[in-house]
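**Student:** Got a predicted model here, sequence first, then my questions.
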Amino acid sequence: MKYTSAEAAKLLRKLNDEYTSLLGKESRTSSFLAAMGEDVESVRPKYDYSEVQRELADLENRVRKVKHALNVFNTITVVPEFGITIDEMLVLIPQLTKRKAKLYEMKSALPKAREEVRYSRNTNVIDYRYAN
């Protein structure tokens with residue numbers, strides 16, 4: 001069966017939600033409280049350790065397969081407008097974001113700004129930082 005990246009991401013979220021839900025259910029049923037004098041067997045929740053572990057392992061296996069397929073897709077699919085793979089694009093985007101932040105900082109710099117003294121020195125000389 002073939003999925004788009006969005007469908008695979010949606011499937012991963014669903015599988016991870018199922019996994020988290022199953023862990024929560026296990027946490028609530030693997031131990032329980034009973035009041036003094038209460039019939040313990042009447043309040044004992046149904047819990048089968050081996051069955052829960054099998055279900056968790058099955059979900060982990062499905063998550064692993066979907067993530068692997070998504071990674072393979074990302075490493076072989078080229079974004080035509082850029083001539084690079086999706087995998088490379090996922091690295092490029094944060095690099096471009098960092099570059100954009102640096103350019104914004106340079107654009108916002110004042111042409112001349114008084115440099116704040118970060119250490120104690122006994123002088124009346126004022127330093128200025130100039131945008132270059």
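**Tutor:** On my side now, so go ahead.

**Student:** Need the residues that contact the helix or strand containing Ser27.
**Tutor:** Using DSSP states H and E, Ser27 maps to helix 5-29. With contacts defined as C-beta atoms under 8 Å, 6 or more residues apart in numbering, helix 5-29 is touched by 3, 45-47, 52, 55-56, 59-60, 62-63, 66-67, 69-70, 73-74, 86. Placement of C-beta: from N, CA and C, glycine included.

**Student:** List the buried residues of that helix.
**Tutor:** The neighbour-count check on helix 5-29 (16 or more other C-beta atoms under 10 Å) flags Ala8, Leu11, Leu15, Glu18, Tyr19, Glu26 as buried.

**Student:** Which helix or strand lies directly C-terminal to that helix?
**Tutor:** helix 40-43.

**Student:** quick one: contacts of that next one?
**Tutor:** By C-beta under 8 Å, 6+ apart, the list of residues contacting helix 40-43 reads Phe32, Ala34.

**Student:** before we move on, what about stretch 44-58?
**Tutor:** Tyr19, Leu22, Leu23, Lys25, Glu26, Arg28, Thr29, Ser30, Phe32, Ala34.
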